[in-house]
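>>> After the sequence you'll find the predicted model.
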Amino acid sequence: MAEKKLAIIATKGSFDWAYPPFILASTAAALGYEVQIFCTFYGLQLLRKKMDMKVTSIGNPGMPMPVPMPVLMQALPGMQSMMTMMMKQKMKSKGVASLEELRALCIEAEVKLIACQMTVDLFDFSSDDFIDGLEYGGAATFFEFAGESDICLFI
């Protein structure tokens, strides 16, 4: 029986949107899937040496917060950092792995991480901005794998 494949396109660069690609990829790899994450546009933040992402609360009314936060209040300076800190504390208290830990799990499980070369060029990044061991490629690189995958997710 052929190995199952999971292809993920990661397009978001916020704290809350960084978790799904890493959780799904590490879980699939643990279940024996061959996994690739193609990071494009803001998803490149997942591959930066220092992940300093913030929670995106505005436009996300479903986000449960310990203290109700009206949209207007969320727009105040410093609120995004405070909400990120609150979310990190809550996750730590519940035993949820950090983004750095999840990314390390993916690397250990041989999840292939691909940085979109067009986006790297667009935002004037260099390979020094990113962790080691990445592949750089374009949409064709992604389609080569995704076309044969059993599951393809856009996150």
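Ah, there it is.

>>> what ranges do the helices span in the chain?
Along the chain, the stretches classed as helices by DSSP state H are 15-30, 71-74, 79-93, 99-108, 117-122, 139-146.

>>> Off-centre distance for the fourth one?
Taking the mean C-alpha point of helix 99-108 and that of its whole chain, the gap between them comes to 11 Å (CA atoms, centre = their mean, to the nearest Å).

>>> How about stretch 115-133?
15 Å.

>>> State the mean pLDDT of that stretch.
When pLDDT is averaged over stretch 115-133, the result is 97.

>>> OK, contacts around the residue nearest the centre of the chain?
Centrality entry for the chain: nearest residue to the mean C-alpha point is Ala18, 3.1 Å, by CA atoms, centre = their mean. By CB atoms under 8 Å, 6 or more residues apart in numbering, the contact set of Ala18 is 10, 12, 45-46, 51, 53, 99. Where you see a C-beta, it was placed from the backbone N, CA and C, and this is true even at glycine.

>>> From Phe22, how far off is the closest residue to Ile23 other than its chain neighbours?
Nearest non-adjacent residue to Ile23, counting by CB to CB, 6 or more residues apart in numbering: Leu102, 6.4 Å away. Distance of Leu102 to Phe22, given as CB to CB, to the nearest Å: 4 Å.
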